[in-house]
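**Q** A structural model of the following input is requested.
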Amino acid sequence: MPKPEHAPIELEEGWRFLQEHGLGPVEACLDSQKDSRSVHKPAEWMKLYTTVYLMCTQKVPAGFKTQLYEKVGEAMNQFLMRKTLPALRLQHDQFMLKELVRRWENHKNLVKWVTRVFGYLDRFKFKPDDNILELEKLGYKCFKDKVFDQMKGDIRNATLAMIRRERDGEKADISLLKSIVEIFVDMGMGQHVVYNDELENALLMETSAFYVKESARWAEEDTFPEFMKKAERCIADESRRSLAYLDDQTEGKLMQVCEHEILVAHQIRMLEKESSGLVVLLDNDMRDDLARLFRLYSRKNVNGLPRVAQIIRKYIEQQGVKIVEEHRNWIESEESVDPAVKATSGSESSRPDLLKSLLELHDRFDELGEVCFQRDPHFQRAMKEAFEFFVNQDMGKNSTAELFANHCDSLLNSTGIGSKMSDQEVDDSIEKFVKLFSYLQEKDVFQEFARKQLAKRLLLDRSHSDDAERSLIEKLKVSCGHHFVSKLNGMIQDMALSKEHQSRFKDWVCKESGAEGDDSSIPGVMIDGVDCTVRVLTTGYWPTYKDNNLRLPDELQRCVLLFREFYGTKTSQRILRWVHSLSKGIVETTAYVANEKIPTLELVVSVHQMCTLMLFNDCDKITFAQVRENLGIEDEETIRQCILSLVSKRFPLLLRSGKGKEFAPDEVLSLNTGFRPNKWRIMIPIPMAKISEEEKESAHQSVVEDRRHAIEAAIVRVMKKEKELEHQRLIAEVSRLLIPFFNPEPRYIKNRIEDLITREYMERDSDDQSRYRYVV
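**A** The predicted structure follows:
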């Protein structure tokens, strides 16, 4: 019993009271598994705390804070050595772990009680070199030193054994495992050193050994899809295991071990497995397995996507090269066949559709990239490099850019594949086409051919849809920039302006002729019985066409003169140059009466064909030389193609005295009045509707000239910015600017540099000939 208030308390006397009325009852309660909170009443709590307070603050005989601190630690150590440690040594495996958890909970309650009763000790500031811990940490240290350190080997082994059984599929006490892991963490007293050294490292080593053995067996026995399913399941189990009872910091390390031993160690072997590897998955379009492959090999610790992308790139290249070689082989076989045999064999029907096959290949992998690989940059880069490899290979007779332009024309032409599609299908096809087009290097060649074909579609009224034309231009603009489509846009704008010109011309003719109005049902302007429509084109936008000085009949010449007069009233600064090669018209004739049901026949023809037919208004027969003289055309090839289209087997409007594709000057042409039409309107094939070999040559020459200007402009742009530059760097910068449109060869750039030096746009450094300076 302590002495009256403020009376000095001797150390032994005070400690005896604290032990008998405080620590002793609490230890007995904890050992009997009772609630320690019911041991002391409030008054007893107050007496115990007051005793500690007085023993720490009294000056006579002395303050006993240090001695009390030591005795508290000694008391906890004795209790652990006397009760806790022997109890644990009597148990084994899981039972020992359960006892450990119970004893640790008891000890934490004891520490909690000590910190409340002896809390005044924590308020004293001991000297820094005394190495004094707070009471809570002191209690934890006592447990670690006297219990945990003595049993840690057995605890670790028992814990790992439980995890091993749980990993093998046995039911485990998850809450017990979680409690044991928390004890390992608590023993670090705020740090993870004990947990890392005593449990985590051993767990990681055992996990590694387990999956080394298991994954080796899977790799040997299972197919790649089965291997991935097991790998995914095990990785998910380990992740669940980490979240369920391991410390937060362990999950990443455990995943790294699992992923390395399961995926990384067998990566090359499984990806290249002959009977079920990645190539087999691609061959059979096994999308679920491909998606699983991406989920597994895209994990941070695996970093397997570069290898996966490499295999996919090689696979796509092989598929693409196969398509290209099939096309080239067909071209070579056609070139070796006699033209006469080719005409009767129908070999054109067996022609492989290169663009269709390439688009299907691209659609397939574009969809795989979205569905299975989530547009991963590794996959996108592999796909881009693969398509660039074979799309830009030599395609034989026509370049890839020409084939792309031809496919595009077929989509938008009213007689092509697009005419059989809905507007939405055409738009979707354009979208897919532009994606494939992005891999093309010679975009400027495509641009030139696409411009020529667009001109023919617009001027010959063969465009499938104005909206589709604009859609293509807009998508090309997004892909290549505004400059790339500026001429195409200008052509579309010219067609819209031409409608305005036509409307004004119609009003002007009505005004000049004194007519009281116009007939809105007639699209053109009626001039002496001729329905005339004129389109005014801007020279810079449209392809260049040569003048053939066609001599028009008086009826058509009257239309030309009237429009020239009208246009002169609007502007005197512009000169009209008439291009008849892409003009067309409709001729109404009663010359072909073999079919009584069709007394009047409408012929949709080119202006050249129209002028040729109108020669027979004044005669029944005429020679080839006379046709040439009357039309006033010096180019014999143009007349030949025109007459061949009028004497064809399908539409024999004229008869000829000779045979073959050549015409003698004295060969006689006559009107075939026995021609029996089966429709009231016939569209005669127009020779200029397709791009001729001469136009192809012209297009390539135009591209060469445009490239020369583009290279020079790029050189000047770079030098103007840098002022002074070394040769190799200038080559690299110019190539970087031009690569979106074409791939310039260094020797061409060098030639343009020399030319610019000659023209004094730049100069060489006098001290270093490989260095250039911009001349202002």
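**Q** I'd guessed T533 sits against K506; true?
**A** No - T533 is not in contact with K506 according to CB atoms under 8 Å; the separation is 9.6 Å. Heads up, the C-betas are built off the backbone N, CA and C, glycines and all.
**Q** what do those two both touch?
**A** Listed contacts common to T533 and K506 are G524, V525; contacts here mean CB atoms under 8 Å, 6 or more residues apart in numbering.
**Q** Got phi/psi on P543?
**A** For P543, the backbone dihedrals (degrees, to the nearest 10) come out as phi -60, psi 160.
**Q** Look up the closest residue to it, ignoring the ones flanking it.
**A** Nearest residue to P543, sequence neighbours excluded (CB to CB, 6 or more residues apart in numbering): K452, at 4.8 Å.
**Q** Check which residues of the helix or strand where the one you found lies are buried.
**A** Secondary structure from DSSP states H and E places K452 in helix 443-459. Residues 443-459 are the ones in helix 443-459 that count as buried (16 or more other CB atoms under 10 Å).
**Q** on contacts alone, who are the packing partners of it?
**A** helix 400-412, helix 466-480, helix 482-513, helix 693-722 (3 or more CB pairs under 8 Å, 6 or more residues apart in numbering; DSSP states H and E).
**Q** rerun at 6 Å
**A** Judged by 3 or more CB pairs under 6 Å, 6 or more residues apart in numbering; DSSP states H and E, helix 443-459 is in contact with helix 400-412, helix 482-513, helix 693-722.
**Q** How many residues are close by the closest residue in space to R551 that isn't next to it in sequence?
**A** Leaving aside its chain neighbours, R551 sits nearest to G632 (3.6 Å; criterion: CB to CB, 6+ apart). Look at G632: counted by other CB atoms under 10 Å, it has 12 neighbours.
**Q** Model confidence for G632, exactly?
**A** For G632, the model assigns a pLDDT of 86.
**Q** Would you check how far apart it and H580 are?
**A** To H580, G632 is 11 Å away according to CB to CB, to the nearest Å.
**Q** Kindly report the same for L756.
**A** Distance from L756 to H580, by CB to CB: 41 Å.
**Q** Return the residues in contact with L756.
**A** Contact analysis of L756 by CB atoms under 6 Å, 6 or more residues apart in numbering lists M762.
**Q** no wait, E733
**A** By CB under 6 Å, 6+ apart, the contact set of E733 is V718.
**Q** can you confirm it is in a helix?
**A** Yes - according to DSSP: H, G, I helix; E, B strand; the rest coil, E733 belongs to a helix.
**Q** on that earlier part again, I'd say the residue nearest to P543 and T544 touch.
**A** No - contact criterion CB atoms under 6 Å: K452 and T544 do not qualify, at 9.8 Å.
**Q** Would you check how far apart the nearest residue to D755 once chain neighbours are set aside and V734 are?
**A** Among residues not flanking D755 along the chain, E712 sits closest, at 7.4 Å (CB to CB, 6+ apart). Distance of E712 to V734, given as CB to CB: 10 Å.
**Q** Those two: who's more crowded?
**A** Remark: of E712 and V734, V734 carries more neighbours, 26 against 18, as counted by other CB under 10 Å.
**Q** For the more buried one, give its distance to V445.
**A** Separation of V734 from V445 (CB to CB) stands at 19 Å.
**Q** cool, E726 as well?
**A** According to CB to CB, E726 stands 31 Å off from V445.
**Q** can you check N392 too?
**A** Counting by CB to CB, the gap from N392 to V445 is 11 Å.
**Q** doesn't D122 make contact with C56?
**A** No - using CB under 6 Å, C56 makes no contact with D122, being 10.7 Å away.
**Q** quick one: low-confidence parts of the stretch 401-550 of the chain?
**A** Counting by pLDDT under 70, the stretch 401-550 of the chain contains low-confidence ranges at 514-523, 547-548.
**Q** low pLDDT regions in the stretch 651-776 of the chain?
**A** Along the stretch 651-776 of the chain, segments meeting pLDDT under 70 span 688-690, 692.
**Q** mind running it again at 50?
**A** For the stretch 651-776 of the chain, no stretch has pLDDT under 50.
**Q** what about the helices in it?
**A** 693-722, 727-738, 746-758 (DSSP state H, counting those that start in this stretch).
**Q** Would you tell me which of those gets closest to R156?
**A** helix 727-738 (60.5 Å; CB to CB).
**Q** The helices of the stretch 651-776 of the chain: which one's closest to G277?
**A** helix 727-738 (38.1 Å).
**Q** Look at K546 and say how many residues are nearby.
**A** Neighbourhood size, K546 [other CB under 10 Å]: 11.
**Q** Pull up the gap between it and L582, please.
**A** The gap separating K546 from L582 is 12 Å, by CB to CB.
**Q** and the helices and strands packed on helix 443-459, which is most packed in?
**A** Of these, the one with the most neighbours on average (mean count of other CB atoms under 10 Å) is helix 400-412, at a mean of 23.
**Q** Let me know the next secondary structure element after that helix.
**A** Where DSSP H and E defines the elements, the next helix or strand beyond helix 400-412 is helix 423-437.
**Q** Stretch 262-275: end-to-end distance?
**A** Using CA to CA, to the nearest Å, the end-to-end distance of stretch 262-275 comes out at 20 Å.
**Q** What lies in contact with that stretch?
**A** For stretch 262-275, the surrounding residues in contact (CB under 6 Å, 6+ apart) are Y211, S215, A219, F224, F227, A231, G277, L278, L296, V302, G304.
**Q** what pLDDT, on average, does it get?
**A** For stretch 262-275, mean pLDDT is 91.
**Q** Likewise for stretch 597-614?
**A** Average pLDDT, stretch 597-614: 88.
**Q** list the buried ones in it?
**A** Buried-residue list, stretch 597-614, by 16+ other CB under 10 Å: 598, 601-614.
**Q** where along this structure do the strands fall?
**A** Ranges of strands within the chain are 525-527, 530-532, 584-589, 601-606, 621-623, 654-656, 668-671, 681-683, 724-726, 762-764, 771-774, based on DSSP state E.
**Q** from the chain's centre, how far out does the fourth one sit?
**A** When you say that, I think you mean strand 601-606. Distance of strand 601-606 from the chain centroid (CA atoms, centre = their mean, to the nearest Å) equals 49 Å.
**Q** and if you look at the last one?
**A** Counting by CA atoms, centre = their mean, strand 771-774 is centred 40 Å from the centre of its parent chain.
**Q** same check, this time on stretch 85-101
**A** 59 Å.
**Q** which residues sit against it?
**A** V147, M151, A158, S179, I180.
**Q** from these, which ones fall inside helices?
**A** Residues of those located in helices (DSSP state H): M151, A158, S179, I180.
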